[in-house]
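Give the three-dimensional model of this entry:
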Amino acid sequence: MSTGGAGAPGGGRAGVPGGGAGVPGGGAAGAPVRRRPWLGRRHAAVLAAGAGLAVAGLVVLLVVWVGLVTSTLRSGIGGDGPCVAAATSGDEGAAVSSTLLPPRAVCTWTVDGRATETVLAERPAALAGAAVAAVGVGVLLVAGGAVGAWRARRRPAEGTPLA
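Coordinates of the predicted model:
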């Protein structure tokens, strides 16, 4: 019996003795060995859709929040009203604050014990809420798709006896 390499006569499977056709694990010469793909098309589609949805939501949130910051800075540079002027000069009773949901910037100023709020910039709350929902759904799709692919891979192939 020959123990030559893959190209040697009788070499069989990468030089394994007796690994030719008709022997378990041998396979016929030139016959492709069908492998089970590690990720099915359905799982790949779910993962791609989830990732795309999450990225789109993050881009929308980024655009909304950058627009909010830009508008706030513009109103601060323009010196709109006494509240912004007091906040930029460092008065104790004046402050500019931002909230992410809903996206808005507010200047709060306390004069004679009375608090006054001025909205400096505001973006659509529905758009920000939809973007946050898209990110959440996208993350859930990716997580669910990854778990589904992992479970499908661990499942034994059909016709394989369970030991």
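
residues in contact with stretch 92-112?
For stretch 92-112, contacts defined as Cβ atoms under 8 Å, 6 or more residues apart in numbering pick out 64-65, 68-69, 71-72, 75-76, 81-84, 86-87, 91, 115-125, 128-129, 132. Heads up, the C-betas are built off the backbone N, CA and C, glycines and all.

please redo it, this time with the cut-off set to 7 Å
64-65, 68, 72, 83-84, 86-87, 115-123, 125, 128-129, 132 (Cβ atoms under 7 Å, 6 or more residues apart in numbering).

Got a PyMOL select line for the buried ones in these?
Paste this into PyMOL to select the buried members of these, with burial taken from 16 or more other Cβ atoms under 10 Å:
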select buried, resi 64+65+68+72+83+84+86+87+118+120+121+123+128+132
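
Out of the contacts of stretch 92-112, name the ones that lie in strands.
Taking DSSP state E as the definition of strands, the contacts of stretch 92-112 contribute 115-122.

Tell me how many other residues crowd Ala149.
Using other Cβ atoms under 10 Å, the number of residues around Ala149 comes to 18.

what's the pLDDT at it?
We have a pLDDT of 81 for Ala149.

Find the nearest non-adjacent residue to it, please.
Leaving out its chain neighbours, the residue that sits closest to Ala149 by Cβ to Cβ, 6 or more residues apart in numbering is His43, at 4.0 Å.

ok, that neighbour - contacts?
In this structure, His43 makes contact with 145, 148-149, 152, judged by Cβ under 7 Å, 6+ apart.

same thing but 6 Å
Contacts of His43 were listed using Cβ atoms under 6 Å, 6 or more residues apart in numbering, and they are 145, 148-149.

for this protein, where's the lowest mean pLDDT among helices and strands?
Least confident helix or strand of the chain, by mean pLDDT, DSSP states H and E, is helix 81-89 with a mean of 77.

That helix packs against which elements?
With contacts defined as 3 or more Cβ pairs under 6 Å, 6 or more residues apart in numbering; DSSP states H and E, the secondary structure elements packing on helix 81-89 are strand 94-99, strand 104-111.

Tell me the buried residues in the last one?
The reference is to strand 104-111. By neighbour count on 16+ other Cβ under 10 Å, the buried set for strand 104-111 is 104-107, 109.

out of the residues you listed, who's nearest Leu140?
Proximity of the buried residues of strand 104-111 to Leu140 was ranked by Cβ to Cβ; the top entry is Arg104 with 27.8 Å.
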